Each structure stands twice: as structure tokens, then as C-alpha cells.
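# Have a look; sequence and predicted model below, questions after that.
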Amino acid sequence: MTPLSRRDFLRTGGLGAAAVLSGAFSGPGALFAKPPGDLLFRPYPHPWMPEFTSAYLADEREDPFVSALRVDRDGVVIPAGASKSRFSVNARWYVEGFGYLYLAADNGGDYYAPEDSGRYNLNHEFARSRVLRNRAVRRRYEQGGCRFSAEVTHLTALSEELLEDSHRKAADGEAAAQLADRSLYYALHAGERMELEKARHDIARAARSEPFWFGCETRQFIWIKHEEFIQRFKELFNFATVTHYIWDSWYEHFEPEEGAYNWGVKEDIVRWLEEEQITIQGRPLFWFHPIVTPDWLKNKNLDQLKRYVEKHTRDVVGHYGDRVRQWEVVNEYHDWANIHNHTPEETVEIVRLACDTTRAVNPRVVRILNNCAPWAEYAAWGHMARQKEPAGRPLRSPHRFIQDLVEAGVEFDVLGIQVYFPHRDLSDIVRMLERFEQFGKPIYITELGATSGPSAEMVASGKMTLPAEPYEWHRPWDEELQADWLEQVYTLYYSRPAIRAVNWYDFADFRTHILNGGLIREDGSPKRSYTRLETLLQSWNRRPHSERTGQ
């Protein structure tokens, strides 16, 4: 076979030439013969990358699990018998010009088999897996009628040719890795461009007219220092969440003693939202996380907890009646926030009881199940939230948790997903959404956010430091990059019919969940992310003013 020159390859359009570029795509790029025994992935990390010390395995459903994998001086070592099923290798990896993100080596979508052994180039496997995934995604999107730009074709072509070059250099691990890294750089950019072009294509093709909630959390209302906060909030959002943590460091405890409630601040916020015709979601009825669970609740046995769940649901949902007709029933109960260490069967009991009681109190309430950490890395490490000791049993991912509830016949209305900047690229975000969309439920992006990076003032005050690690996504965070990420993920979310709400968490840059994660500054002036979202909503005819007044 005569190798194609780079110019000839690009002239063919990349995908058209892929048939002749078979070597790099047909299977793992072995460095040495395959003796029986351990499977080794040799990494060649970028010199800017922190010491490479951790990786994890995930199964074919993308659910991580605890394994005997280890990272030592030779690389990622997977002992024989470490997995009973096919698996991928996952780790944070720095790609110069793109970022320091989680990547998966999944054998080009075929996953590695438990009986596999030998030595492979991890850089090449990361690149091969992403290049082949891009090819499959593009084929699927084009079959659905989407056509991509010359830029996507160009980036794809470069990624595929460089992967073939890496394969040819397999005997020289360092050289193969450098070529694979360049392939990965183009493949990651190509994948993100594809997702954005597909999303914009879908938005233009089928303009949405059904209700869609663009919202934000309201916990900062009690610390408002400027009238601009109130004005800018209602100019941007038609939806808002009102938090009811039992114990909370932000303001007086909502339930300092069992059955005794402090409604005051929450009532004030609910009343203002009602006056502004902003739809309200109460949250959460139950969050069994160490930081918000008092001893009197933590020490309950299962029967005692069930009695509490029923009474608390009746008290809180009944208090508001039709004023709050959306409720986050449970939050992060998928073995992350599970302070009682309930079994899967016990969590099903609690969730069913909470959802059924909510419906009994007010049949008009939308019942939401909120989930964090959608890639479930915690399951690979074997630890729940704030837990020092290993859980001692397999932990469930949010996807597995929802699957168990669906299979058990638990009735709920909306599947909630938190997607704070996840150290994943846009393509990974879409693949995650596709997995959750398979349940056939409406989806809310219940919490999301990203920082605008350290400001000079924050660094000078010691509240933030300049990052020691390489940049996470495209370049170091600043206000412009925060706005870029917001615009791109909102575009992805709005393009997907299953998604009905997107709720940014930090509105202003004070007392934030993510430092400098707000859309406005502490003085009330808008950041680029605010104006970018404003422009997006205007382009989709989703500005709250027009919705409320018909203008």
C-alpha cells in the first residue's frame, strides 16, 4: 500500500480516505508481543502535566468500578482478572492546546476484554478511541440529515492521518505518543465542533415552542448588596430554585429540631418570585449528605427514617401548596449522599415513599430526582461523600440508580443532572446525556457552573490562587472563557428535546459555590457570561420579559 501524503489525505476529505487507513483503527497498537498476564498501558505524559498517579476502569455502560488497577513507574497496570467484563481505561490527561480533561481508552468502542494482555501505548489508545468515536458520531449525525463544515472535515482528516502516523511509529513509543497527542488535539476539537454544529442545526430546524425553564438558585438573595442584583435576575430568568437544606451555614437552620421549621427567609424569596411571575422549584426535600444532616436525623434507623420522610414531605409540600409546584424530592442519593449507607433496596424504598407522598399531598407537583457526578468517578475510588473509609461494597452511578428505580416501578416525573464544569469535553457531555435520555424522562440540568478564573483582587486577598495545574479547557479560565463554555453548553442543552430546564447555580460573585462562578460581579455589574446568555435567550425568543408580557 502506498502511504497517502498529508496533502492527498486532506484533498480526499479524510473520511473518504479512511478505508485505506486501516492499520491504526483495527485494534490496539501493541508495543510488544502479548505474553499472558498483566495488561500494561504505557503513558507518555506531556511535560506540563502533573505526575500521572491515578486511573480507573469503567464497564461497557460507562459505570466506573473498584478494581485492582494500579499506576506505577511502568504505567497503568491491569492485572489478569481485574475485571469480569469488558472495560475502558480512564484518566485525566493533558493535551496541549485543548486542556487537562478526563479521557477514555475504550479500544475504539469495543472495550478491552478481561483476557487481554500485553503492552500498549496509552497516548495512542486515547487518540484511537476518540478518532473512532468521532467517526461513528459523524456517520450517525449525517444519516439524520446534518451536514458539517469544511472545518470539521479538516480537523477530522488531520486527526485520522496523525493517528495512522502514530501507528506506523509503534516501535518507537515516544515518537508514536507525540503523534498520537497531535491526533488527539485535532480529534477533540473536531468532536466539539461536530456537537455544536449539530446542536445549531437542530435548533434551526425545529424551533421549540413548549415551556422551557431558564433559571438560577436564589440562596444569595439574603446577602444582596445592590438593587442591580434583583433587576438583572428577573431580566434573565423565568425559573428559580429555593433551597431548603435542613442545616445550612448560609442562614438559620431550616429545621433545627425535628418538625420545627423556619419559613421566614424562604417565604420572603417565594413571595418575591411569585410577584415577578417566576416559576419556583423547591429543593431538596431530602439530601442525606454529611454537611447538612444533623445527628438527630443521621441516627435514625430505616423504619424511623421512613416515618420522618413521610411527615417531612407532608409538612413542606403541604405548606406551600400550589405556590411551589415543582419539587426536587431527593438529591444525590445514588451512593454519593447516602449517609445512612442504605442498600440499593432500601434507597428504592425511601425514594418511592417520598415520591408517592409528594403526589398524595399535591398531585400537581412535578417530582424531580437530582443526581450529581454523572460520570460517577467516586464509584471507582470506592468512597461516598466525605467518607474517609472505603464503602466496602460496589457503589452505584447515577445512571444505575435511575435504572434501579425505573425497574422497581418508582414513579417520578423529571430526571435531574448536575453538570458543573466536569473536566470533560462537549462530546463527552453529549454522550452522557444520550445515556440518560434512554430512560424516556424529561431532563432538567439542575445545577451547572464554571469559574471565570482568579481576578487580581481575589489573588491579592488570598481567596484564590493562580492554578498550579495546566489549564482545564482550551486556555486558562477568564470571563471570556466562562462565557464561551456557558454559550456552548446551553446550546447543546437547548437543542435536545428531552431537556426542559437549565439552572445556573451561582448568580453573583459573592458567597459562591464555585469561586467567581457568578454571572454578575459582586457590585451587580454584568460579566460576559451574563450578556452572552442574554443574547442567546434573545436569539431563541426566550427572554422572560417577552414570555410574561407577550411582547
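The structure has been received and is ready for your questions. Numbering: from 1, shown residues only.

# CA atoms for contacts and neighbours, from now on please.
OK.

# tally of neighbours for Leu297?
As a burial measure, Leu297 scores 18 neighbours (other CA atoms under 10 Å).

# And the pLDDT for it?
We have a pLDDT of 97 for Leu297.

# got a list of what it touches?
Leu305 (CA atoms under 8 Å, 6 or more residues apart in numbering).

# Next one: it from Glu267, what distance?
Counting by CA to CA, to the nearest Å, the separation of Leu297 from Glu267 is 24 Å.

# for Ala176, same thing?
Ala176 sits 62 Å away from Glu267, taking CA to CA as the criterion.

# Look up the closest residue to the residue nearest to the spatial centre of the chain, ignoring the ones flanking it.
The centroid of the chain falls nearest to Val419 when counting by CA atoms, centre = their mean (3.6 Å). Of all residues not flanking Val419 in the chain, Leu448 sits nearest, at 4.8 Å (CA to CA, 6 or more residues apart in numbering).

# follow-up on the earlier one: got a list of what the residue nearest to the centre of the chain touches?
By CA under 8 Å, 6+ apart, the contact set of Val419 is Cys372, Ala373, Pro374, Ile445, Thr446, Glu447, Leu448, Gly449.

# Kindly state the beta-bridge partners for the last one.
The one in question is Gly449. Tyr420 (DSSP bridges).

# Am I right that it is in contact with Tyr505?
Yes - the pair Gly449 / Tyr505 is scored as a contact, 6.2 Å apart, by CA atoms under 8 Å.

# Which neighbours do those two have in common?
Joint contacts of Gly449 and Tyr505 (CA under 8 Å, 6+ apart) are Gly518.

# in what helix or strand does Val292 lie?
Assigned by DSSP states H and E, Val292 belongs to no helix or strand.

# From what I see, it and His244 are in contact.
No - the pair Val292 / His244 is not scored as a contact, 10.2 Å apart, by CA under 8 Å.

# Neighbour count for these two, which is higher?
Set Val292 next to His244 and count neighbours by other CA under 10 Å: His244 wins out with 21 against 17.

# Helices along the stretch 1-150 of the chain, start to end?
Assigned by DSSP state H, counting those that start in this stretch, the stretch 1-150 of the chain shows helices spanning 6-11, 122-143, 150-168.

# Just say which of those helices is most tucked in.
Counting by mean count of other CA atoms under 10 Å, helix 150-168 has the highest mean neighbour count of the helices of the stretch 1-150 of the chain, with a mean of 23.

# before we move on, back to that, okay, the residue nearest to Val419 and Ile417: tell me how far apart.
Per CA to CA, Leu448 is found 9 Å from Ile417.

# how much space between the residue nearest to Val419 and Ile339?
If you go by CA to CA, the gap between Leu448 and Ile339 works out to 24 Å.

# about what we covered before: can I get the helices of the stretch 1-150 of the chain in a markdown table including distance to Ala354 and mean pLDDT?
Shown next, in a markdown table, are those (distance: least, CA to CA, whole Å; pLDDT from 0 to 100):
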| stretch | distance to Ala354 | mean pLDDT |
| --- | --- | --- |
| helix 6-11 | 58 | 38 |
| helix 122-143 | 39 | 98 |
| helix 150-168 | 47 | 98 |
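
# between those, which gets nearest to Ser209?
helix 122-143 (23.6 Å; CA to CA).

# Packing partners of that closest one?
strand 99-105, helix 150-168, helix 173-205 (3 or more CA pairs under 8 Å, 6 or more residues apart in numbering; DSSP states H and E).

# if we can go back for a sec, next step: the contacts of Val419 restricted to helices.
Among those, none falls in helices (DSSP state H).

# so which pair among the residues you listed is furthest apart in space?
Pro374 and Gly449 (14.7 Å).

# In terms of packing, which of those two has more residues around it?
A count of neighbours by other CA under 10 Å puts Gly449 above the other of Pro374 and Gly449, at 24 against 18.

# Let me see the contact set for the more buried one.
By CA under 8 Å, 6+ apart, the contact set of Gly449 is Val419, Tyr420, Phe421, Leu486, Trp504, Tyr505, Asp506, Ile514, Gly517, Gly518.

# how close does it get to Ala508?
Separation of Gly449 from Ala508 (CA to CA): 12 Å.

# confidence score at the residue nearest to Val419?
For Leu448, the predicted pLDDT is 97.

# what's the answer for the one 4 residues further on, then?
Ser452 is assigned 97 on the pLDDT scale.

# Tell me which of Leu448 and Ile417 has more neighbours.
Per other CA under 10 Å, whichever of Leu448 and Ile417 has more neighbours is Ile417, with 25 against 21.

# what would the contacts of Val419 look like in a markdown table with distance to Asp425?
Formatted as a markdown table, the contacts of Val419 follow (distance: CA to CA, whole Å):
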| residue | distance to Asp425 |
| --- | --- |
| Cys372 | 17 |
| Ala373 | 15 |
| Pro374 | 14 |
| Ile445 | 17 |
| Thr446 | 19 |
| Glu447 | 18 |
| Leu448 | 15 |
| Gly449 | 14 |
